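Here is the input, now give the coordinates:
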Amino acid sequence: MLRWTLRIAVALAGALALLVAYGVLVEPRLILDEEHLDVPLPGLVTAADGTEVGVVTDLQIGMWWSNTGMVERAVERIVDADPDMALLGGDYVYSSDPSIPEQVAGVMELLDPLVESGIPTFAVLGNHDYAVGAAEELTTAFEEAGITMLRNEAAPVPGTGTGAQALHVVGIGPVVPGEVDVEAALSGVPDDAPRIVLSHNPTAFPEFPAGTAPLALAGHTHCGQIALPGTPTWSYLALTDEEKIVAKGWAPEEYGAEGNRMFVTCGIGFSLVPMRINAPPEVAFFELRPGD
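This is a model prediction of the structure:
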C-alpha cells in the first residue's frame, strides 16, 4: 500500500511540475491566439463597411519575467494585418522598478513598429499604470508618438465619415483608482454617431446607458490567467469574483443595458506570477458592418 501511495504521489508531483512548466514556458511564450469577429455597428456608414480594428491589452511591462517577446509578436501581428485602426487597452507597465522613465521608454520601444506603421491608434490607461505613478508619463509619451490617449473622452476615427457620421472611439478611465466618468466620455460623441467603447475594466460596462455602447472592448482579467477547467476558485478570477461573468469573450446579454455589447480580450502579460494556463495571450480583430 505504501509503495502505491508513493507512486501516486510521484505521479501527481510530476504532473504538477509539467503543468507549471507548460504554464510558465509554453502557453504564455509560444502561443498567441487570434480572435476574428464580424460585428454589426449601428450608425456605421456604408463607406466604412469592413472597417477593421485590432485590439491588444495588458502588456504589463515591469512584471518579473515580463512577456516582452510576446508583446513584440502581438504588435507585429497587428502591423502585418494592417487594420484601419488599433486599440490599446491599458496596463502597459506593472511596477515602479526599474524607474518609470525606463519602463515607459521600454513600452514605447515595443510599440514603435505600430507607431511607424501609421495605423491610427487609440489608447486608454489601466489600473497598474496609475498604481505605479506612470499615468502622466505614459500619456505624454503616447501623445508625442502620435497615439491618441483617451481619458474619459472620445475622438473620431479618420476615414470613417464626417461629423455625426464618423466612427468614434470612446475611451474610459480604469475603475481603480476611480477614474471612470461615462458622462464626460460620451459628451463629445454626437447622439447617433457609431462608436466603439474602449475600457480597461469590464466592470465599467454596466455604467453605460442603453444604446450608448453597442461595441465595448475591455481587458484586465487576463481571461483568468490560471483558469483550470472545473476549478474556478484556483483561477485568478477568485480574486475578482465580480468579474467572473465578464472574464473572456462576449459578456452575457443580461450584463449591461439594452443595446450594449461587450467583448473581453485576454491580453498579453501577467499579474502576480509569470504563468498562463488555459488563458493564452490574445490579439483580437473586429470587422465592422453597418447594422442595428
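
What is the end-to-end distance of stretch 79-91?
Stretch 79-91 has an end-to-end distance of 20 Å (Cα to Cα, to the nearest Å).

what about the nearest residue to Ala164 once chain neighbours are set aside, which SS state?
Among residues not flanking Ala164 along the chain, Pro190 sits closest, at 3.7 Å (Cβ to Cβ, 6 or more residues apart in numbering). Where C-beta positions appear, they are placed from N, C-alpha and C, glycine not excepted. On the three-state scheme (DSSP: H, G, I helix; E, B strand; the rest coil), Pro190 is labelled coil.

One more: Gly106?
helix.

which residues pair with the spatially closest residue to it that is not a sequence neighbour across the strands?
Among residues not flanking Gly106 along the chain, Ile61 sits closest, at 5.5 Å (Cβ to Cβ, 6+ apart). Taking DSSP bridges as the rule, Ile61 bridges to Met63, Val93.

so Ile61 touches Glu109, yeah?
No: here Ile61 does not reach Glu109: they are 9.8 Å apart, not a contact under Cβ atoms under 8 Å.

Give me the neighbour count for the residue nearest to Ala164.
Using other Cβ atoms under 10 Å, the number of residues around Pro190 comes to 15.

which residues touch it?
Pro190 is in contact with 163-164, 168, counting by Cβ atoms under 8 Å, 6 or more residues apart in numbering.

For Pro28, state which of these is nearest.
The nearest member of the contacts of Pro190 to Pro28, counting by Cβ to Cβ, is His168 at 33.8 Å.

Now for the closest one, how many residues are close by?
So His168, with other Cβ under 10 Å, has 24 neighbours.

separation between it and Thr160?
In this view, His168 and Thr160 are 9 Å apart by Cβ to Cβ, to the nearest Å.

any shared contact partners between these two?
Common neighbours of His168 and Thr160 (Cβ under 8 Å, 6+ apart) are Pro194.

Which pLDDT value goes with the residue nearest to Gly106?
The score at Ile61 is 93. That number is its pLDDT.

residues touching it, list them.
Counting by Cβ under 8 Å, 6+ apart, Ile61 touches 68, 71, 92-94, 103, 106-107, 110, 269.

so how far is Tyr92 from it?
Per Cβ to Cβ, Ile61 is found 6 Å from Tyr92.

Need the residues touching each of those two.
Taking Cβ under 8 Å, 6+ apart as the criterion, Ile61 and Tyr92 both touch Val107.

Pull the number of nearby residues for Leu19.
14.

where does this structure have its least confident helix or strand?
The helix or strand of the chain with the lowest confidence, counting by mean pLDDT, DSSP states H and E, is helix 2-21 at a mean of 68.

Does Ile196 lie in a helix or a strand, and which?
Assigning secondary structure by DSSP states H and E places Ile196 in strand 195-199.

and that strand, what does it pack onto?
Applying 3 or more Cβ pairs under 8 Å, 6 or more residues apart in numbering; DSSP states H and E, one finds that strand 195-199 contacts strand 168-172, strand 216-218.

Can you tell me the strand partners of the first one and which way each runs?
When sheet partners are counted by DSSP bridges, strand 168-172 sits next to strand 153-156 (antiparallel), strand 195-199 (parallel).

Next, the residues that contact the last one from outside, please.
To tie it back to what came earlier, the one meant is strand 195-199. Strand 195-199 is touched from outside by 41, 43, 53, 87, 89, 122-124, 150, 154, 167-172, 174, 180, 185, 189, 205, 208, 212-218, with contacts defined as Cβ under 8 Å, 6+ apart.
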